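Novice: here is a sequence with its predicted model. Questions after.
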Amino acid sequence: MKAATVQEIKQELVSLPQAKVTELCLRLARFKKENKELLTYLLFEADDTALYIKHVNEEVDELFEEINKSNVYFVKKTLRKIARTAAKYIRYSGSETVEAEVLIHLCTRIKELGTTINSNTIISNIYKAQLKKINKAIASMHEDLQYDYVKAVKKLEAS
């Protein structure tokens, strides 16, 4: 089956009655956890960005508490999982501010792991990739917003 384009879907949704659109959204939410999470964000959390960032950072903190530090392999695996989770929540918001805040928090937590970041190439690469994403998000922000974020990134790069 070939999927319709976004434009075709939009035209069809506009022509449907509201009850039918609601029914389709609920059916879509039942199929995949990410669809349900996105709908939850759009309906309940999109209005309060600061609270959303706080919730995402709390979830990142919880995931960091679960890291098994007995072996570097487990640390690498868990860091990749945390980065994927953060990226998923950033994708829901589509905001550079959310992206910068969450990734700065993520990098700060990676730094708190200690010497592991310097001793392992893969963990170092994960960290550097997150810094690149932060810089890219900051570059697309308005100049007035960039100053504080650039200062935070320089602090992460320096230490």
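Specialist: Sure, I can see it.

Novice: list the helices and strands the worst-scoring helix or strand of the chain on mean pLDDT packs on?
Specialist: Least confident element among the helices and strands of the chain, by mean pLDDT, DSSP states H and E: helix 116-119 (a mean of 72). Applying 3 or more Cβ pairs under 8 Å, 6 or more residues apart in numbering; DSSP states H and E, we find helix 116-119 packed against helix 72-93, helix 121-139. Glycine gets a C-beta too; all of them are placed from N, C-alpha and C.

Novice: quick one, which of those gets closest to A4.
Specialist: helix 72-93 (21.7 Å; Cβ to Cβ).

Novice: would you mark the buried spots in the closest one?
Specialist: Across helix 72-93, burial judged by 16 or more other Cβ atoms under 10 Å covers 75-76, 78-79, 82-83, 85-87, 89-90, 92-93.

Novice: now swap in stretch 149-156 and tell me
Specialist: Buried residues in stretch 149-156 (16+ other Cβ under 10 Å): Y149, V150, A152, V153, L156.

Novice: list the contacts of the last one.
Specialist: Right, L156. Contacts for L156 (Cβ atoms under 8 Å, 6 or more residues apart in numbering) come out as I104, C107, T108, K111, L131.

Novice: element containing it?
Specialist: helix 143-158 (DSSP states H and E).

Novice: can you list the domains in this structure?
Specialist: 1-31, 44-158 (automatic domain parsing).
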